[in-house]
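Student: compute the structure for the input listed below.
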Amino acid sequence: MTPADRGPAATDTNDFIASTRCGESADSIGPTDGGAAGAHRWSSLDDPISLNQFFPFVLADSLAKRSELRSIRRTRGVYTPAVDYWRLLRLQIVAYHQFRPGPGLDALSTAVELAHPDRREHYATAVTNYRRFLGRKRVQWLGTPRRAVWLADELKVRVNPELHVTINEEPHVVKLFLKADPRWALTQRTANPLAYLLHACHGHLGRPLVVDVLRGRAFGLTRQNVDYDALLRAQAAAFTSLWESGAGIPGGGDPGPGAAEESPGGGAVAA
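Tutor: Below is the predicted model:
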C-alpha cells in the first residue's frame with residue numbers, strides 16, 4: 001500500500017475523553033427572524049451559533065476577536081442559502097459520496113458548472129484540491145451525521161459535520177473546512193480543537209477528520225499534551241463575556257440580508 005492509499009494519520013481518538021456536554025440539536029432551534037426577535041438577536045445567546053462562526057473566533061487573536069463578533073452579529077438571524085458562498089459545493093461534495101459517480105459530469109464537476117460566474121474560479125480550485133485529497137483512497141458513504149450542540153455554560157455551538165464515511169474501510173466523521181483566506185489555512189495545531197469538537201459530539205461514529213478543502217489537506221485529532229476541552233471552554237467564556245459587553249455591535253442599524261454574504265475567504269455565515 002502506497003502513502004496515497006492510506007487514510008489520514010490520526011491518533012486513536014479513544015484516548016481522548018470527551019468531558020464536554022453534547023446533545024442532539026432540536027429541530028426547532030434556528031436563527032431568529034425580524035421584528036422584535038430580530039432586535040433580540042443582538043444581545044441574546046439563547047440560540048446556538050454555528051461551528052463556522054465559533055471556530056474563526058477561537059483562532060483569532062485578541063484584537064481580531066471583536067471583528068469576528070461583529071461579523072456574527074451582522075449575520076445572526078439573516079442566513080439564507082442564496083448568500084452562503086460555499087453551500088453549493090458542500091451539497092455537491094455530499095452528493096458525490098452519497099451517489100457513486102456515473103457517466104458524464106460527476107457532482108464535483110457539476111458544482112463548478114453551476115456556480116455563479118463570480119465564484120467559479122474559487123470552486124474550481126476547491127474541487128481540484130479536494131480530488132487531490134481523495135487521491136486513491138477508498139471512500140464509502142455511511143450517511144449524514146445528525147447535527148449536535150456543544151454546550152459551554154451559556155454558549156451553544158452547533159456541531160454539524162457533513163460526512164459519515166469509511167476511508168479505507170475505517171469509519172470517519174468529516175467536517176468540510178472552506179476558507180480561502182490564507183489566514184485560515186489549517187495546520188495540525190489549529191485543526192486539533194475543531195477535530196476535538198467533532199470527537200466530543202460524534203466520536204461514536206468514527207475518527208474525526210477536518211478537511212481543508214481549498215488546500216486538499218486533512219487533519220485528524222493528534223495526541224498532544226493539551227486539554228482541548230479546557231481550551232475551548234476558555235474561548236467560549238471569552239466569547240460570552242465579549243458578547244454580553246456589547247463588543248462588535250455595528251452602528252447604523254441592521255445592515256440587512258445583503259450583508260450576510262460570506263466571501264470566499266471566510267465570514268461568519270450561520271450554516
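
Student: which helix or strand contains Ala200?
Tutor: Counting by DSSP states H and E, the element that carries Ala200 is helix 188-202.

Student: mind listing what's buried in that helix?
Tutor: The neighbour-count check on helix 188-202 (16 or more other C-beta atoms under 10 Å) flags 190-202 as buried. Every C-beta, even on glycine, is put in place using the N, C-alpha and C of the backbone.

Student: give me the residues contacting that helix.
Tutor: In this structure, residues lying in contact with helix 188-202 by C-beta atoms under 8 Å, 6 or more residues apart in numbering are 13, 16, 18, 20, 22, 51, 55, 58-59, 145, 148, 150, 157, 159, 161, 164, 173, 175, 177, 208-210, 212, 219-222, 224, 226, 228-229, 231-232.

Student: wait, isn't Tyr85 in contact with Arg119?
Tutor: Yes. Tyr85 is in contact with Arg119 according to C-beta atoms under 8 Å; the separation is 6.6 Å.

Student: same drill for the two, tell me which one is more crowded.
Tutor: Per other C-beta atoms under 10 Å, whichever of Tyr85 and Arg119 has more neighbours is Tyr85, with 23 against 18.

Student: just the element for that one, please.
Tutor: Applying DSSP H and E, one finds Tyr85 in no helix or strand.

Student: tell me the spacing between it and Ala126.
Tutor: 11 Å (C-beta to C-beta, to the nearest Å).

Student: again, but for Leu88
Tutor: Using C-beta to C-beta, we find Leu88 at a distance of 11 Å from Ala126.

Student: tell me which of these two has more neighbours.
Tutor: Counted by other C-beta under 10 Å, Leu88 and Ala126 do not tie: Ala126 has more neighbours, with 26 against 18.
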